[in-house]
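*Asks:* what would the 3D arrangement of this be:
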Amino acid sequence: MRPTGRTNYRYRPKSRIIYSISVLCCRPAPKCLQNNISEAIVSAISTIRKENIKVKLFQKESGFAHMMIVVVVAVLAVGVIGGIIYERAHADSYHCYPKTYSTNGVGTRACVRTIQEMLNISTGKSFAAHGGFDGVYGQYTKSVVVYFQKTHGLSSEADGIIGKHTWAKLCFADVRAVTRYNTLKALAGCPVANSYHGN
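*Replies:* Numbering: from 1, shown residues only. Coordinates of the predicted model:
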């Protein structure tokens with residue numbers, strides 16, 4: 001006869017099986033298994049961290065490269081814009097040609113400065129020891145103009161004055177520094193086509 005009252009697992013086979021399973025599930029795992037699990041978890045976390053670091057480094061490098069490209073483009077843009085503003089501010093609004101320039105002081109310093117640089121390129125005469133491109137039409141600038149006139153078919157009027165004929169020769173001189181000279185021609189307001197064909 002089975003006892004009554006408290007549950008006795010000896011007379012409840014199914015309950016004994018469930019109780020055994022619950023004990024096994026709740027019992028701590030062997031130490032070797034715990035160590036293996038811990039090492040696996042640590043290894044997984046370490047791998048994840050390394051991959052995250054690689055991704056962050058890649059993002060930083062990519063971001064730095066993009067930033068450098070933006071900086072370089074910005075610097076170039078500022079340089080170009082600044083050069084245009086400077087040239088426009090120092091070239092009498094492109095209206096140097098066809099005014100007459102001489103030692104009488106007529107003409108703006110900006111235009112004389114442009115003429116001096118054009119003479120420097122077309123004749124090879126240096127202005128460095130004579131105040132540079134100072135915008136002053138002095139005796140040295142006059143002597144360079146005379147030299148230019150004599151070496152460009154204007155010997156009969158080599159008076160050191162930049163007039164219509166000298167402008168025509170100056171605007172269409174055959175020079176090596178073509179790019180810079182073309183810029184100076186535009187600043188001076190030289191015509192696109194040479195209308196002067198005399199000597």
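*Asks:* okay, now the unreliable bits of this protein?
*Replies:* 1-40, 42, 44, 48, 50-68, 75, 78-94, 195-199 (pLDDT under 70).
*Asks:* can you give the domain ranges for it?
*Replies:* 29-89, 94-188 (automatic domain parsing).
*Asks:* what about stretch 155-163, how long is it end to end?
*Replies:* 14 Å (CA to CA, to the nearest Å).
*Asks:* oh, that last question was meant for stretch 126-145, not what I typed.
*Replies:* 12 Å.
*Asks:* go on, stretch 99-106?
*Replies:* 9 Å.
*Asks:* what about the strands in the protein?
*Replies:* Using DSSP state E, no strands are found in the chain.
*Asks:* in it, which spans are helices?
*Replies:* Remark: helices assigned in the chain by DSSP state H are 13-26, 31-89, 109-123, 139-151, 164-171, 178-188.
*Asks:* which residues touch the fifth one?
*Replies:* Counting by CB atoms under 8 Å, 6 or more residues apart in numbering, the neighbours of helix 164-171 from elsewhere in the structure are 97-98, 115, 118-119, 122, 145, 148-149, 152-154, 157, 162, 185, 188, 190-191, 194-196, 198. All C-beta spots, glycine's among them, are computed from the backbone N, C-alpha and C.
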